[in-house]
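*Asks:* using only what follows, build the 3D model:
(chains A and B)
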Amino acid sequence: MKASLGFRAGLLSLLIFAAIAGLWQLATQPTAVSGPAMDPEYAKLVGAAAATGQKSAMPTPAEIGATMWKQLQDPFYIRGSNDKGIGIQLAYSLGRVLLGFGLAALVAVPLGFLIGMSPLVYRALDPFIQVLKPVSPLAWMPLALYTIKDSAISSIFVIFICSVWPMLINTAFGVAGVRREWLNVARTLEVGPLRTAFRVILPAAAPTIMTGMRISIGIAWLVIVAAEMLVGGTGIGYFVWNEWNNLSIANIVTAILLIGLVGLLLDQALASLTKLVTYPE
Amino acid sequence: MSMFEDPFDARSLLGRRCSCGGNHAAAGHGRLTASPAGEEERWNRVVDAAVLRAVFPVDATRRQFLKTVGAATALATISSVLPVKAAREAFAQGGAPEKKDLKIGFIPITCATPIIMAHPMGFYSKQGLNVEVVKTAGWAVIRDKALAKEYDAAHMLSPMPLAISLGVGSAATPWTMPAIENINGQAITLATKHKDKRDPKDWKGFKFAVPFDYSMHNYLLRYYVAEHGLDPDKDISIRSVPPPEMVANLRADNIDGFLGPDPFNQRAVYDGVGFIHLLTKELWDGHPCCAFAVSKEFAAANPNSYRAMLKAIIDATAYASKPENRKEIAKAIAPQNYLNQPETVLEQILTGTYADGLGAVKKDPSRIDFDPFPWNQFAVWIMTQMKRWGQLKADVDYAKVASEVFLATDTAGMMKEMGLTPPDPAKKTIVVMGKAFDPSKPAAYVDSFAIKRT
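*Replies:* Now for the predicted structure:
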């Protein structure tokens, strides 16, 4: 019964996809209506749509499929510093995200531990966290460029700053929420504070910390695209921006789908890590 | 571009100028200005002339000598005693650049043609430089990256080095602009739905985009609508939009039009989104637009790299200024690595045979042109407009700032060294929409406008 539910869900997904693609294809079908006859010399100088007096249209799903196939066939080419394959661009973005995220984890987890264990620190830092947390990470970009004076480090900084908050808050929450009984047992057994932290609190708070990380990496992946569109140079965001210059919707849709796919993989990776550290009580 | 005269021509007078102001003999004017020679040959002649001049300081003696023995023998004779070939090579190399691996930032627009094409067409490598041209997303980013020394040199809008030096819109940093990239080459593009509103008086409430606050585009658009009685701050709204985003915004009806750089005017036509209302050359024929800018610090610390870069740019600009090279250039800069545009769009812009968006094919070979000379008069005009629109609040010594930022003397010297003919820096007439500009009276010029923010 369960397998058949999965099968039916898959079938429904396929149906939905087919319906969307079909509607899209219908809506973007090049219309046969031709405007007033154009001078052939003029028509040669403009795009196909403009030659019939129309705006250039959205590409059809078939065109997007063809573009995607072309991009995926050769994802790792390098033709100059401003023209690299989509695979390389994704790798640049992933590298930035992992670096910024890793640095954020290095800061957020210990700090979150401290905040969770000490109500005093929690109270003292709370106003800062509350004010800084809702700031859009991209708002940091001009400030980062101005002070760090390096666009590559600036974009990593932006990733850092956006992924630090969920981890910090979740770690603090997880640490503060460790069951009293467990701590009391540890105290009764005269376990040292460091040992308590690593052997009792950390395993107990790990699932919550991992959830924070999972939220963080999702946000980081959202932000990197925008940051790279702003700064340019390399990365999947730059790819989108570069194709936007060329008004190439087909390439942009390709990038969107790939961004979604990579985001999904990142999320799944952290979800399985969370499962690893969760113990049934 | 004219070149140096042939020093082995008995008729030519070395070191005497033609009445046209060019650095060549009067007799050779027509021939020299008409016949372009190869790069190599031009430089060789510069060296030959210098050697000959050293051997025969008196012109009459040289001519007598050449007449008697003939040019070929003369060259052979002199080469046998003097290392002409080595001199040629030494000149072509110049001093070794202090920094070979350079990064130059650019915005993907046709204004940057010389900066961009110098990469695929080998103008940088000819100077012994290993340049990486980096595509950048917008003017504010290119400014910040240049200020942060991430770029060694950058493509900027010609008012930007002035604004940076004056500390308008950023921290004041001494900046220099040794070469203009292009003249003309911009246009006012309107959405197709406005094709019956060709009179600016009907534009009340329109939303326009310009690439940057400190741009010729902004000043020219303001000038144009103000001449037609509209106040650019009250009757229309002007916003700063990075060039690549202009067509997308026009398509989405976010703006009614833009005064922007190509290829985006032509791209709007290509995509059937807008039409070209007028070319900016119709407002001011020969106006500067974009520039090649370097920080004063970099130029002082790496004089040889700076000179090599400038040489490459002047070379590329000279090459781009020739109409017969334009198709080749369009092909070189169209790929994804550079402008990322359909080749036909670039070809229409560079050759000046273009579709106007209203069904007509227009021909204007000077739609865009390339001329590196940074006239100080340009800088003064730009500053009068900064003053006029309230960007520049304090009083300014127009002539002083102009000569410090627009390095006309440097460029002229470099051009001479390369065997090109620099123009006379004092001779430049600026006429904008029929009104003459006197660079010696900038304050009076600002006061002469009815619509201003001073």
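*Asks:* right, and B:P442 touches B:T384 too?
*Replies:* Yes. Contact criterion CB atoms under 8 Å: B:P442 and B:T384 qualify, at 4.9 Å. Any C-beta I mention is one placed from the backbone N, CA and C, and that applies to glycine too.
*Asks:* so the two - more neighbours on which side?
*Replies:* Under the criterion of other CB atoms under 10 Å in any protein chain shown, the comparison of B:P442 against B:T384 puts B:T384 first, with 25 against 20.
*Asks:* what mean pLDDT does the helix or strand harbouring that one get?
*Replies:* Using DSSP states H and E, B:T384 sits in helix B:376-388. Regarding helix B:376-388, the rounded mean pLDDT is 88.
*Asks:* excluding covalently adjacent residues, which one is nearest to B:K145?
*Replies:* Of all residues not flanking B:K145 in the chain, B:Y151 sits nearest, at 5.2 Å (CB to CB, 6 or more residues apart in numbering or on different chains).
*Asks:* right, and the one you found touches B:V134 too?
*Replies:* Yes. With contact defined as CB under 8 Å, B:Y151 and B:V134 form a contacting pair (7.0 Å).
*Asks:* which one's more surrounded, the two?
*Replies:* Ranked by neighbour count (other CB under 10 Å), B:Y151 and B:V134 place B:Y151 first, with 26 against 20.
*Asks:* any idea of the pLDDT on the more buried one?
*Replies:* 88.
*Asks:* now A:S155
*Replies:* On pLDDT, A:S155 comes in at 87.
*Asks:* and it, how many neighbours?
*Replies:* Using other CB under 10 Å, A:S155 is surrounded by 32 other residues.
*Asks:* need the three-state assignment for the closest residue to it other than its chain neighbours.
*Replies:* Distances taken as CB to CB, 6+ apart place A:A227 nearest to A:S155, at 4.6 Å, with adjacent residues excluded. For A:A227, the assignment made with DSSP: H, G, I helix; E, B strand; the rest coil gives helix.
*Asks:* do the same with B:D231
*Replies:* If you use three-state DSSP, then B:D231 falls in the coil class.
*Asks:* do you know the pLDDT at it?
*Replies:* Reported pLDDT for B:D231: 88.
*Asks:* how about the helices of the stretch 1-150 of chain A, start to end?
*Replies:* A:2-28, A:40-45, A:48-51, A:61-73, A:86-117, A:119-132, A:140-148 (DSSP state H, counting those that start in this stretch).
*Asks:* now do the stretch 151-281 of chain A
*Replies:* Under DSSP H, counting those that start in this stretch, the stretch 151-281 of chain A gives helices at A:151-176, A:180-188, A:193-195, A:202-231, A:236-245, A:249-277.
*Asks:* if we can go back for a sec, any idea how far the residue nearest to A:S155 is from chain B?
*Replies:* A:A227 sits at a distance of 11 Å from chain B (criterion: CB to the nearest CB, to the nearest Å).
*Asks:* check contacts around that residue.
*Replies:* A:137-138, A:141, A:155, A:158-159, A:237 (CB atoms under 8 Å, 6 or more residues apart in numbering or on different chains).
*Asks:* looking at those, which has the most residues close by?
*Replies:* Highest neighbour count within these: A:S155, with 32 neighbours (other CB under 10 Å).
*Asks:* my read: it touches A:M229, true?
*Replies:* No. Counting by CB under 8 Å, A:S155 does not reach A:M229; the two are 10.5 Å apart.
*Asks:* low-scoring stretches of the chain, by residue?
*Replies:* I'll assume chain A. Across chain A, residues meeting the criterion (pLDDT under 70) sit at A:1-3, A:30-38, A:48-57, A:281.
*Asks:* you answered for a different chain; I wanted chain B.
*Replies:* B:1-59, B:62, B:75-94.
*Asks:* how's it carved up into domains?
*Replies:* Here the domain parsing of chain B from automatic domain parsing is B:26-93, B:101-182+B:288-447, B:186-282.
*Asks:* could you export those as JSON lines, including distance to A:A220?
*Replies:* Shown next, in JSON lines, are those (distance: least, CB to CB, whole Å):
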{"stretch": "domain B:26-93", "distance to A:A220": "49"}
{"stretch": "domain B:101-182+B:288-447", "distance to A:A220": "20"}
{"stretch": "domain B:186-282", "distance to A:A220": "25"}
